[in-house]
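**Student:** how would this look folded up:
(one chain, ligands or ions: 4)
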Amino acid sequence: MRLSRSFLPTLRETPSEAQIASHRLMLRAGLIRQTASGIYAWLPAGLRVLRHIGQIVREEQDAIGGQEVLMPTLQPAELWKRSGRYDAYGPEMLRIRDRHERDLLYGPTNEEMITDLFGQSIRSYKELPQVLYHIQWKFRDEVRPRFGVMRGREFLMKDAYSFDISYEAAVDTYRRMMLAYLRTFQRLGVRAVPMVADTGPIGGDLSHEFLILAPTGESGVFYDGELETLDWLSDPVDISDSASLDKFFSNLTSYYAATDEKHEEGAWSQVPESRRREGRGIEVGHIFYFGTKYTRAMDITVAGPDSTPVCPEMGSYGIGVSRLVGAIIEACHDEAGIIWPDSVAPFKAVIINLKTGDATCDAFCEQLYAAAPEQFLYDDRTDRAGAKFADADLMGHPWQLIVGPRGAKEGKVELKRRATGERFELSVDEALAKVL
Ligand code: ATP
Ligand code: MG
Ligand code: MG
Ligand code: MG
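**Tutor:** Residues are numbered from 1 along each chain as shown. Ligands and ions are numbered 1, 2, ... in the order given. Now for the predicted structure:
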């Protein structure tokens with residue numbers, strides 16, 4: 001993308017409505033604009049980040065057998081009356097009436113709808129397990145929307161739902177999902193620690209929240225620092241083997257990790273002092289096993305092995321895709337701006353032309369840009385160098401390819417790593433090899 005022709009409106013001043021770094025930076029870097037309280041428009045750079053996160057989430061859901069669907073945002077009230085949650089959900093649910101006086105709602109979550117869809121088509125235990133997920137906008141009429149996309153009213157969530165024939169099979173599914181989450185967050189370039197959690201209004205008795213450590217987090221967290229050093233991407237768990245899943249889960253849960261609601265001083269004191277991490281955390285994911293709560297309430301059964309009807313055992317699994325954009329920035333920024341992890345950055349690199357209009361500089365930059373026009377942002381504006389550097393740091397591109405008249409003449413580009421400030425003098429080929 002050429003910066004001179006793009007819609008990437010950066011702001012010099014700090015917007016007064018933003019209280020925390022990620023919200024300020026998202027506005028300043030031109031990722032989002034608010035259209036109503038807790039409702040945001042995603043501009044090109046922000047949308048790219050949202051898509052990159054969505055893609056990693058999708059790949060890890062698919063890797064454990066998840067199948068992607070897309071359910072609508074609007075749901076009929078009848079569905080929620082069948083589960084008993086229509087009245088129980090309260091004012092966070094946005095209720096809507098259509099021209100025929102039928103009650104609808106903007107979905108805050110999809111347990112009822114997926115259970116109904118499942119029940120319409122799945123007849124036998126032989127078709128289980130099923131793991132279905134979608135990445136769709138949700139609406140919750142939060143009392144206090146704040147911190148930008150971190151607590152929006154309309155927000156993008158990946159929600160997955162699982163159906164199993166027995167408790168044992170459902171626990172295996174839960175553990176597979178746990179592994180998929182750990183891998184997802186690691187690939188996103190952040191450490192989200194799973195913590196024992198309350199199940200709240202969804203119900204059930206097995207639940208973990210995933211939290212990213214950040215001073216602006218809304219929950220108090222206590223955990224063993226070892227958890228941040230474990231490498232889930234190379235952990236050779238066999239996801240089709242219960243014993244292997246059990247070993248993975250026992251190892252994971254042998255480390256202490258709890259939010260303030262579930263914190264226990266006794267167990268905490270057993271963690272070696274040098275490994276104790278205590279602070280605030282942002283909830284970016286939440287997984288639940290809740291058994292037959294919805295299948296029973298909505299009277300959904302499949303034929304079991306001896307043909308008697310069985311209510312499938314369910315779990316649900318959320319990731320806050322839009323909240324993650326803010327949470328990643330909370331974890332990855334400095335005074336100058338955002339520091340995107342490579343995997344989610346809107347662009348792999350920015351090409352900074354220090355002298356737009358100079359024939360050698362322009363030709364050199366065009367040559368770099370042509371290598372990956374989809375993945376590069378080319379700052380071809382006629383602004384002064386200082387403004388271009390400031391915008392590059394603010395927008396947080398992982399690499400900056402800096403081209404000046406002297407280097408261009410010698411066929412050299414200066415490559416800067418945003419995260420460390422390291423600089424390299426390289427040929428075009430060397431620079432491209434590092435960046436792409
Ligand atoms: P919170 O405690 O922050 O209100 P929640 O526990 O109500 O979140 P869940 O029902 O567990 O949320 O939803 C799954 C995920 O959706 C959360 O872990 C979070 O990442 C995301 N999420 C929930 N509410 C919001 C919101 N208002 N804005 C952005 N993301 C949200
Ligand atoms: Mg909530
Ligand atoms: Mg919560
Ligand atoms: Mg939650």
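
**Student:** which residues in the chain form helices?
**Tutor:** Along the chain, the stretches classed as helices by DSSP state H are 21-28, 44-63, 77-83, 85-88, 111-121, 167-187, 242-253, 265-268, 293-297, 321-331, 359-370, 385-395, 405-410, 428-435.

**Student:** gap between the last one and the chain center?
**Tutor:** Centre-to-centre, helix 428-435 and its host chain are 29 Å apart (CA atoms, centre = their mean, to the nearest Å).

**Student:** tilt between it and helix 359-370?
**Tutor:** Interaxial angle, helix 428-435 versus helix 359-370 (axes from the mean of the first three to the mean of the last three CA atoms, to 10 degrees): 40 degrees.

**Student:** can you pull the pLDDT of the residue in the stretch 201-350 of the chain positioned nearest to ligand 1?
**Tutor:** Nearest residue of the stretch 201-350 of the chain to ligand 1: Gly320, at 2.2 Å (CB to the nearest ligand atom). The C-beta positions use only the backbone N, C-alpha and C, and glycine is treated the same way. Looking at Gly320, its pLDDT stands at 98.

**Student:** cool, Glu127 as well?
**Tutor:** Predicted confidence (pLDDT) for Glu127: 98.

**Student:** about what we covered before: could I get the helices of the chain as TSV with mean neighbour count?
**Tutor:** Shown next, in TSV, are the helices of the chain (neighbours: other CB atoms under 10 Å):
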stretch	mean neighbour count
helix 21-28	23
helix 44-63	19
helix 77-83	17
helix 85-88	14
helix 111-121	19
helix 167-187	22
helix 242-253	15
helix 265-268	10
helix 293-297	20
helix 321-331	25
helix 359-370	17
helix 385-395	19
helix 405-410	14
helix 428-435	16
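
**Student:** Save those helices as a markdown table, and put in distance to Cys311 too.
**Tutor:** Shown next, in a markdown table, are the helices of the chain (distance: least, CB to CB, whole Å):
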| stretch | distance to Cys311 |
| --- | --- |
| helix 21-28 | 42 |
| helix 44-63 | 24 |
| helix 77-83 | 13 |
| helix 85-88 | 17 |
| helix 111-121 | 10 |
| helix 167-187 | 12 |
| helix 242-253 | 22 |
| helix 265-268 | 35 |
| helix 293-297 | 4 |
| helix 321-331 | 30 |
| helix 359-370 | 58 |
| helix 385-395 | 51 |
| helix 405-410 | 68 |
| helix 428-435 | 53 |
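
**Student:** between those, which gets nearest to Ser207?
**Tutor:** helix 167-187 (9.3 Å; CB to CB).

**Student:** Tell me where this protein is predicted with low confidence.
**Tutor:** 199-205 (pLDDT under 70).

**Student:** how about Asp393, what does it touch?
**Tutor:** 336-337, 418 (CB atoms under 8 Å, 6 or more residues apart in numbering).

**Student:** What separation is there between Ala29 and ligand 1?
**Tutor:** 19 Å (CB to the nearest ligand atom, to the nearest Å).

**Student:** doesn't Ala336 make contact with that residue?
**Tutor:** No: using CB atoms under 8 Å, Ala29 is not in contact with Ala336, being 11.1 Å away.

**Student:** which neighbours do these two share?
**Tutor:** In contact with both Ala29 and Ala336: Leu394, using CB under 8 Å, 6+ apart.

**Student:** out of the two, which sits in the busier spot?
**Tutor:** For Ala29 versus Ala336, neighbours defined as other CB atoms under 10 Å are more numerous around Ala29 (26 against 15).

**Student:** any idea how far the closest residue to that one other than its chain neighbours lies from Arg28?
**Tutor:** Nearest non-adjacent residue to Ala29, counting by CB to CB, 6 or more residues apart in numbering: Met395, 4.9 Å away. Counting by CB to CB, to the nearest Å, the gap from Met395 to Arg28 is 9 Å.

**Student:** Show me the beta-bridge partners of Gln400.
**Tutor:** In this structure, Gln400 bridges to Val350, Lys416 when assessed by DSSP bridges.

**Student:** Contacts only, for it.
**Tutor:** 349-350, 352, 389, 392, 415-416, 418.

**Student:** Filter these down to the buried ones.
**Tutor:** Among the contacts of Gln400, the ones that count as buried by 16 or more other CB atoms under 10 Å are 349-350, 352, 389, 392, 415-416, 418.

**Student:** from those residues, which is closest to ligand 1?
**Tutor:** For the buried ones among the contacts of Gln400, the nearest to ligand 1 is Arg418 (26.1 Å; CB to the nearest ligand atom).
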